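Student: Compute the structure for the input listed below.
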Amino acid sequence: MITDPSPPPPDDSKTSKPLSASPATDSSKILIFHATTYPLPAAHIAQFRECINPAYTLSEKGLFDHLRIPDEDATEFLTPGRWIFACYVPNSTPKDGSEPLLQPATDYLGITHDLTGYSMAGTVSISMPPYPRTPYTPGFPIFPGTLEVDEFHLHLLVTSVNHKQIGVAARLLNAVQDFAASRIPKGKQGKIVGEVLEEVGNVPYYVRRGFIQEGEKWCCPPGTWGSIERFHLRRMVRRVEGCATEG
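Tutor: Numbers count the residues shown, from 1 in each chain. Predicted coordinates:
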């Protein structure tokens, strides 16, 4: 299974727009899940797969010959170190049975949300210390080791194919930043890190969102993360100022 943490290229505009630029985002909501604490209903797991797999770009399909989330159980999201962010928007058309009706879902704080009439517009997940930075092919470690204190690792930033150009990806990244800042002590600095595939062409998007490249790019041979071709990774970092107070 591919567990590639480099996000597919979000199709947001080239410059940041306020989320109110689209009526669909006015009543959107971002929820944060920790599935090993409060398991997600099956209908939500199905929407994660339906959001992520169609967004798998042609450039990535030339590198990897399998789906991002191939398992119906979506075990990608069920590891203890994974925190899942999902952006939900109201359905623009009446339900016709083409999408699963969403049951209430419980976020990481134990708060249950009624999502009747909503569908998923995008998702991203993160890992936090002390878990490994990223899965890697045996014999070819990619940024090996465990996450540093106050390092938050991005996985699978995706905008649904039906919700492009409305700032969903930007909003998810900002939610990750707020989440990270709330866990970093005030006066200290942490970082959000993502390994981005150069061939997919989304490095400029991350630069516009305040990320900078850290270190040299990596050339990954065939077989890395199950790839059929070699590819190049750039480690992109966005600094976060902490706001957590002791006690």
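Student: Relative to Thr116, how far out is Arg82?
Tutor: Applying C-beta to C-beta, to the nearest Å, one obtains 26 Å for the distance of Arg82 from Thr116. Where you see a C-beta, it was placed from the backbone N, CA and C, and this is true even at glycine.
Student: the more surrounded of the two?
Tutor: A side-by-side neighbour count of Arg82 and Thr116, using other C-beta atoms under 10 Å, places Arg82 first with 20 against 12.
Student: so what's the more buried one up against?
Tutor: Contacts were defined as C-beta atoms under 8 Å, 6 or more residues apart in numbering; by that measure Arg82 touches His34, Ala35, Glu76, Ser125, Ile126, Ser127, His155.
Student: Just these: which are in strands?
Tutor: Secondary structure assignment (DSSP state E) places Ser125, Ile126, Ser127, His155 from those within strands.
Student: Return the closest of those residues with respect to Glu246.
Tutor: Distance to Glu246, by C-beta to C-beta, is smallest for Ile126 among the ones in strands among the contacts of Arg82, at 23.2 Å.
Student: which residues touch the closest one?
Tutor: With contact set as C-beta under 8 Å, 6+ apart, Ile126 has these partners: Arg82, Trp83, Phe85, Phe152, His153, Leu154, His155, Val176, Phe179, Ala180, Ile192.
Student: Test of understanding: give the bridge partners of it.
Tutor: Beta bridges link Ile126 to Trp83, Leu154, judged by DSSP bridges.
Student: Also Arg234?
Tutor: Beta-bridge partners recorded for Arg234 (DSSP bridges): Val196.
Student: And the pLDDT at it?
Tutor: Confidence at Arg234, expressed as pLDDT, is 90.
Student: Quick one: residues contacting it.
Tutor: Glu195, Val196, Glu198, Val203, Gln213, Lys217, Trp218.
Student: Sort out for me which of those residues are in strands.
Tutor: By the criterion of DSSP E, membership of the contacts of Arg234 in strands covers Glu195, Val196, Gln213, Trp218.
Student: of those residues, buried ones?
Tutor: Neighbour counting by 16 or more other C-beta atoms under 10 Å classes Glu195, Val196, Trp218 among those as buried.
Student: picking up where we left off before, in ChimeraX, select just the buried ones from the contacts of Arg82.
Tutor: Isolation of the buried members of the contacts of Arg82 (16+ other C-beta under 10 Å) is achieved in ChimeraX through the command below:
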select :34,35,76,125,126,127,155
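Student: Which residue, neighbours along the chain excluded, lies closest to Asp107?
Tutor: Residue nearest to Asp107 in three dimensions, not counting chain neighbours: Leu31, with 5.0 Å by C-beta to C-beta, 6 or more residues apart in numbering.
Student: can you pull the pLDDT of the one you found?
Tutor: Each residue has a pLDDT score; the one for Leu31 is 95.
Student: beta partners for it?
Tutor: Note on Leu31: beta-bridge partners Ala86, judged by DSSP bridges.
Student: surely it meets Tyr88?
Tutor: Yes: with contact defined as C-beta atoms under 8 Å, Leu31 and Tyr88 form a contacting pair (6.9 Å).
Student: Pro41 against Thr112, yeah?
Tutor: No: here Pro41 does not reach Thr112: they are 10.9 Å apart, not a contact under C-beta under 8 Å.
Student: so what sits against both of the two?
Tutor: When contacts are counted by C-beta under 8 Å, 6+ apart, the set common to Pro41 and Thr112 consists of Pro104, Ala105.
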